[in-house]
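K.L.:
build me a structure from this.
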Amino acid sequence: MTWLYVPGDRPDVVAKALGSGADVVLVDLEDAVAPDRKRYALDATAELLTRRHPVPVHVRINALDGPLAEGEVRRLAPLPGLGALRLPKVGGPADVTRVAGWAGPGSPPLYALLESAPGIEHAYAIATAHPAVAGLALGEADLRADLGITEESGLAWPRGRVVVAARAAGLAPPPQSVYPDVRDTEGLARSCAAGRALGFLGRAAIHPRQLPVIEEAFLPTETEIAAAEEVVGAAVSDTGALALPDGRFVDAAVVAGARRTLALAARRVRSG
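P.N.:
Down below sits the predicted model:
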């Protein structure tokens, strides 16, 4: 539910991130690392991944059409501590299959970041390009620049598109893109609520203080939990459409959604 970005050339920051409470630590070799620090970042990340960690570690590699990505994939893919690779600026299914080829047999899970018009247009093809694809996500800062978007409303269609593509491909709901103002926790909470309403689940963060806000925003409320329990309880003895005591009819899709809500509710109990 929470993914925390940390720069790959700061091993001290990575170590702190592993104890931050994030569900996944995202070690960034791309935007967060200056060009003259790229080699050091790769070396430090490779050293980190020689061993497994209690928290999954994903790595965002450099541009797929640049000089660094292939070497990064070939070096990191076999390491036991690598949880997944995150692929920046994926524009089509060929980008994914190329990375999977670099990784070789038994490719680690791949997460495609859609940050351009071609990426959005090919979202479903990217999601189904290779068995190693484990998820999609938006890179909204680059997408805004690519499309010339100046208002939040301009992102509505790309956001809906990536949610639908992930669902159609049988992948988990995508997480939201980062919220860049780490001091604006109220704005983050409002943004998370809007993203949840669109079908996103969880969010990437750029500072540990954002993690509890994201967690709280995406966990079901007591009212939602009670409603889900009512639906699931009524469905125990009926596999078709069924009526609740208040007269509402629900079908199998609604029951499945209620069960997902209760699965998230178990997380609230564990963290409470």
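
K.L.:
C-alpha only now, for contacts and for neighbours.
P.N.:
Noted.

K.L.:
so how far is the helix or strand containing residue 189 from its chain's centroid?
P.N.:
Applying DSSP states H and E as the criterion places residue 189 in helix 185-198. Distance, stretch centre to chain centre, for helix 185-198: 15 Å (CA atoms, centre = their mean, to the nearest Å).

K.L.:
what comes up buried for it?
P.N.:
Buried positions in helix 185-198, judged by neighbour count with 16 or more other CA atoms under 10 Å: 185, 188, 189, 191, 192, 193, 195, 196.

K.L.:
how about stretch 26-35?
P.N.:
Taking 16+ other CA under 10 Å as the criterion, stretch 26-35 shows 26, 27, 28, 29, 30, 32, 33 as buried.

K.L.:
run through the helices of the protein in chain order.
P.N.:
11-18, 38-48, 69-76, 93-103, 117-121, 123-127, 140-147, 156-168, 185-198, 211-218, 222-235, 252-271 (DSSP state H).

K.L.:
ok, which of these comes nearest residue 56?
P.N.:
Checking these against residue 56 by CA to CA gives helix 11-18 as the closest, at 8.8 Å.

K.L.:
in that closest one, what counts as buried?
P.N.:
11, 14, 17, 18.

K.L.:
please apply the same query to stretch 44-60.
P.N.:
Buried residues in stretch 44-60 (16+ other CA under 10 Å): 45, 46, 48, 49, 55, 56, 57, 58, 59, 60.

K.L.:
cool, and stretch 113-127?
P.N.:
So, applying 16+ other CA under 10 Å, buried residues of stretch 113-127: 113-116, 119-127.

K.L.:
then stretch 167-178?
P.N.:
Across stretch 167-178, burial judged by 16+ other CA under 10 Å covers 167, 169, 171, 173, 174, 175, 176, 177, 178.

K.L.:
now for the fourth one: which residues touch it?
P.N.:
By that I understand residue 173. 135, 163, 166, 167, 199, 200, 201 (CA atoms under 8 Å, 6 or more residues apart in numbering).

K.L.:
what is the burial count for the first one?
P.N.:
By the other CA atoms under 10 Å criterion, the neighbourhood of residue 135 contains 24 residues.

K.L.:
how far away is it from residue 175?
P.N.:
Residue 135 sits 9 Å away from residue 175, going by CA to CA, to the nearest Å.

K.L.:
returning to what we had before: any chance of the buried residues of helix 185-198 in JSON lines, with distance to residue 2 and pLDDT too?
P.N.:
What follows is the buried residues of helix 185-198, written out as JSON lines (distance: CA to CA, whole Å; pLDDT from 0 to 100):
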{"residue": "185", "distance to residue 2": "15", "pLDDT": "97"}
{"residue": "188", "distance to residue 2": "13", "pLDDT": "98"}
{"residue": "189", "distance to residue 2": "14", "pLDDT": "97"}
{"residue": "191", "distance to residue 2": "15", "pLDDT": "97"}
{"residue": "192", "distance to residue 2": "12", "pLDDT": "97"}
{"residue": "193", "distance to residue 2": "15", "pLDDT": "96"}
{"residue": "195", "distance to residue 2": "14", "pLDDT": "96"}
{"residue": "196", "distance to residue 2": "13", "pLDDT": "94"}
